[in-house]
Structure formats: C-alpha cells, structure tokens
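[1] how does the following fold in three dimensions:
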Amino acid sequence: MAQTGTTAEGEAGEERGLRRSLGFRDLVVYGLLFIAPMAPVGVFGTLDAKSHGAVALVYLIATVAMAFTAFSYAQMVRVVPQAGSVFAYARVGLGGGAGFIAGWMAMLDYVLIPAVAYLFSGIAMEALVPDVSRWVWTALAVVITTALNLWGVRAAARVGFLVLALEIVVLLVFVASAIVVLARDGAERGWLSPLSGDGTQGAFALSAVVGAVSVAVLSYLGFDAIASFAEEVTGGSAKVARALLFCLALAGVLFVAQTYLAALLEPVSSARLAADPVKQGSAFYDAVDASVGGWLHDLVAVSKAIGAAFAALAGQAAAGRLLFAMGRDRRLPGALSRTNGGVPRLALLVAAVITLVAAVWAARRDDGLDQLVSVVDVGALTAFTLLHASVVGWFAVRRAGGPVSWWRHVLVPVLGAAITVAVIVEASGTAQVVGAIWLAVGLVVLAAQSRGRRRTADTPG
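    Residues are numbered from 1 along each chain as shown. Next up is the predicted model:
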C-alpha cells in the first residue's frame, strides 16, 4: 500500500499525513452536501416528462441502482482505507495502470461537478442581485469555500453542517406545506400517479421509466466522496462504509418523498411538459408557486443558491484528496502529496484553480451551464465501472480477501457495472466524446509514465 506518512526518497522532513478528525456525522454531512438534499428540483420536470409522470418511481429505482455502487465502495474501503477512493481501489484490485485510469476519470467528475455547483450558485445570486454579474458571484463562492477547505476538513464540516441543516429545514417546510395543501385542496393528479404515471402519455411504460432513471442517477453523484476521507476518519474504515450506505439511503428517501409530493401538486401534465421542454426546468418551482405561494418559491431558490456553493465545497475537498493520493503514488507531481497541519493545501489549491477557471468560463457564456452539465457524468460512471471490476479482481480473481462470497464479490459488482455502463450508453453524445477524449489523454499520460519508470528501472546503479 502507499505510505500515509513521509516518503522515503529524500523527503522525510516534509509532512505528508492527513489528520484524523472526522466522525460518522461529518462523513454524512460531506456526502449529503455534495449530493444536495433537494437535488431533484432542477431535473424534476425533465424526469416527469420522460417517465410519463412516474417520477417518484424513477427515484426509487435509481436509489436501488446506485446501491450496487455504494455496496462495492463499502467492500473496498475496508480493504484500502486510503484517500483517493476509487484510484486506490482499482490500483490494488486491477493494477497500477487501471488505478491511474480510474483516478484520471474520477478527476473529470470531481473537478466539473463543483464547477457546475458554483455556477448554479452564481445564477441564483444573479437572480436575487441582478446588478452583479453571475461570474462575480461564482468566483466569490469559489474563494469563500476554498478558504474553508484550507482551514481544515473539520472546520469545513462544521460550517457545512449548518448549511445542510438549513437545506433540510427548507425541505421540511416544503413537505409540511405540500401536505397542508393536499389535505385542504386535494391532489392535481391521482394519488398513485407518481408511482404509476399520470396516464396522459398512454399506459405505463417501463422503458420510459428506465430511460428517466439513466438521468436520475446523476442526482446521486457525489455520495462516493465520503470514501475520499478514509484517512481522516476516527474509528476505522467500517465507519466510512456505514456512512456511504446511510447517506445513499437517506438521499433516496428524501428524493422519493419530495418528488412524490411535487408530482401531486404539479398542475401541468407530463404530456404537456414533454411537448414544451422550456417548462421542464422550472416545473418544480412553478408547482410550488401555484399551490403554496411565491414565498416558498423564493425560500427554495435561496436555499439552492447557498446549498450549491457548499455542495461544491464538498466536491472540491474530495478532488483535493484525489490529487493528494495520486501525487503520493507518483501518478501526479509528488508536490501534491504535501500537507500542512494535516491539510493537503497545495492539492486543494490546484483543484480550486481548475474549478474556478471552468466555472467562470461557463458563467460568462450563455450556454455555459449546458456545456458543463453535459460532461460531468461520464468520468464518475467510468470510475464506478472500474470500482465494480476492482471488487471482482481483489476478492474473486486474486482471492486476496479470504473466502469468496459469490453474491457480494461477483453478482453485486457485475450488476453494478452493467448499470453504470448502461447509463454511459444513454449519456449525451457530447458527454461521450469528451469522456473519450479525456480517457485518450489519460492513456497517453499512462504510457509516458510507464516508459519513464522502465527507463529508471533499467538505469544501472
């Protein structure tokens, strides 16, 4: 395994360890912050149209689908309780080359998802204060959250907990308000329609639901960031595994509950939403505005603005740990593995600069959000596929983890890989092209590193 303390090659005097200070609650906070408790708000209308109104069923199935990935993470974090998560897992399960590619593809996700979140925050703030350009708000959000991350993982977790509590309170206000309206005025659609479809696009179609699931799983991207903090948790890797599974289950409950209630309040049929894509982006807000009132609309919008910035904070922290781990293994410049006070500050700053450039570039373009959103998923899903392969490689092929459990070490990861590959196939053409280019660049870098290591090994003395 890679060292967690100092390296041996003339750098023994430099601090390279991460400080153990996180508990179970902190891990769950980071996971939920990255996911965002009200993540379905932005894609509710799209999923409602795609699924023919069965949007709650979509999230129920998506939660089960992502549980396969969470289970594989839980298996490997016990084997390799290190920062870098999927990079470290693929390295031990499949070999150094596969580990690099897994980390390389995850890097695309960890850098761009925070950029998207920062841009969401900038857009929301521009709507509240239109005299200030969105790119200024976006850059300000990057600076504030980067400062918190540099302060330390524990301090960032404490502030993040307050923000997460605010988001949960807003979600509970929505749930309570929706229940009051439904009890007083009744539902706009049938009570079972969020699970069976509203019937305006014909009979229930499983293919339509499955197609929507391929989009809904993107709402869960980020829960895996919990595994990046394995070297900073107190109490062992079992706590990380429990936090991963708990975070996914809790997110699933929140997603199903809010989309079920929103679908009942939605006055526009799924057929009309499908015929008018422009209405899909604001469908959740429109339903809240029409049924409860503009005050809740504004409250949800403000919560999303703040929550998006802190979702980016969690993503940036995970990106920093990934760069730290790859630097420590000499797959990226070794300077990235330096820490100060137990914080990988250089790795965090590099991640912040890359994210800042991507977010501000997108904020200054009319189509910037579409450009970023179209490519954020392929990197994570490719890394997830290699994660599942790592479980099979470590436990079933190498048999390095003791007796083989064919359902835990073969069936679950194979099914999980099939799901992630299917979602990649359903991704947009732009996402597939960008993912392929990023993969090709990674393979070139890997080949150059391999040649360099061979020359070093062949050098006498």
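[2] okay, now the unreliable bits of the stretch 301-450 of the chain?
    366-367, 369-371, 373-374 (pLDDT under 70).
[3] all strands for it, in order.
    Assigned strands in the stretch 301-450 of the chain: none (criterion: DSSP state E, counting those that start in this stretch).
[4] show me what the helix or strand residue 68 falls within is packed up against.
    Assigned by DSSP states H and E, residue 68 belongs to helix 55-79. Under the contact criterion of 3 or more Cβ pairs under 8 Å, 6 or more residues apart in numbering; DSSP states H and E, helix 55-79 touches helix 44-50, helix 86-94, helix 193-196, helix 206-216, helix 237-265, helix 376-391, helix 412-426. In short, each C-beta sits where N, CA and C put it, glycine included.
[5] can you lay out the ones you listed as JSON lines showing distance to residue 135 and mean neighbour count?
    Listed next are the helices and strands packed on helix 55-79 as JSON lines, based on distance: least, Cβ to Cβ, whole Å; neighbours: other Cβ atoms under 10 Å:
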{"stretch": "helix 44-50", "distance to residue 135": "26", "mean neighbour count": "27"}
{"stretch": "helix 86-94", "distance to residue 135": "32", "mean neighbour count": "28"}
{"stretch": "helix 193-196", "distance to residue 135": "38", "mean neighbour count": "22"}
{"stretch": "helix 206-216", "distance to residue 135": "28", "mean neighbour count": "19"}
{"stretch": "helix 237-265", "distance to residue 135": "30", "mean neighbour count": "21"}
{"stretch": "helix 376-391", "distance to residue 135": "19", "mean neighbour count": "26"}
{"stretch": "helix 412-426", "distance to residue 135": "31", "mean neighbour count": "19"}
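[6] next, format these as TSV and append distance to residue 155.
    Shown next, in TSV, are those (distance: least, Cβ to Cβ, whole Å):
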stretch	distance to residue 155
helix 44-50	34
helix 86-94	25
helix 193-196	40
helix 206-216	33
helix 237-265	19
helix 376-391	27
helix 412-426	34
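[7] give me the contact list for the helix or strand encompassing residue 143.
    In the assignment (DSSP H and E), residue 143 maps to helix 134-151. Under the criterion Cβ atoms under 8 Å, 6 or more residues apart in numbering, residues 118-119, 121-123, 125-126, 129, 155-156, 159, 308-310, 312-313, 316-317, 320, 343, 345, 348-349, 352, 355-356, 359-360, 363-364 lie in contact with helix 134-151.
[8] distance between the following helix or strand past it and the chain's centre?
    Following helix 134-151 in sequence order, the next helix or strand is helix 153-185 (DSSP H and E). Helix 153-185 has its C-alpha centroid displaced from the chain centroid by 20 Å (Cα atoms, centre = their mean, to the nearest Å).
[9] give the buried residues for helix 153-185.
    Neighbour-count burial for helix 153-185, with 16 or more other Cβ atoms under 10 Å as criterion, is recorded at 153-154, 156-157, 159-161, 163-164, 166-167, 170-171, 173-174, 177-178, 181-182.
[10] and the gap between residue 233 and residue 27?
    6 Å (Cβ to Cβ, to the nearest Å).
[11] got the contact list for the residue positioned nearest the centre of the chain?
    Nearest to the mean C-alpha position of the chain, by Cα atoms, centre = their mean, lies residue 222 at 1.9 Å. By Cβ under 8 Å, 6+ apart, the residues touching residue 222 are 31, 34-36, 113, 311, 314-315, 318.
[12] between which two of those is the distance greatest?
    36 and 318 (14.3 Å; Cβ to Cβ).
[13] could you check which of the two has the larger neighbour count?
    residue 318 (29 against 25; other Cβ atoms under 10 Å).
[14] leaving out chain neighbours, which residue sits closest to that one?
    Nearest residue to residue 318, sequence neighbours excluded (Cβ to Cβ, 6 or more residues apart in numbering): residue 225, at 3.7 Å.
[15] quick one: low-confidence ranges for the stretch 1-150 of the chain?
    Across the stretch 1-150 of the chain, the ranges flagged by pLDDT under 70 are 1-18, 83-84, 127.
[16] again, but for the stretch 151-300 of the chain
    For the stretch 151-300 of the chain (pLDDT under 70), the answer is 153.
[17] so how far is stretch 283-297 off the chain centroid?
    Centre to centre, stretch against its chain (Cα atoms, centre = their mean), the figure for stretch 283-297 is 27 Å.
[18] adjust the sequence numbering to begin at 38 for everything that follows.
    In the new numbering, first residue 38, that becomes stretch 320-334.
[19] what lies in contact with that stretch?
    Residues outside stretch 320-334 that contact it (Cβ under 8 Å, 6+ apart) are 77-79, 81-82, 85, 210-211, 214-215, 218, 222, 225, 299, 302-305, 310, 316, 337-338.
[20] now do the same end-to-end measure for that stretch.
    Terminal residues of stretch 320-334 are spaced 11 Å apart (Cα to Cα, to the nearest Å).
[21] likewise for stretch 224-240?
    End-to-end distance for stretch 224-240: 20 Å, by Cα to Cα.
[22] quick one: contacts of it?
    Residues outside stretch 224-240 that contact it (Cβ under 8 Å, 6+ apart) are 88-94, 97, 241-242, 245, 296-297, 300-304, 306-309, 311, 328.
[23] buried sites along the helix holding residue 180?
    For helix 171-188, by 16+ other Cβ under 10 Å, it's 171-172, 174-179, 182-183, 185-187.
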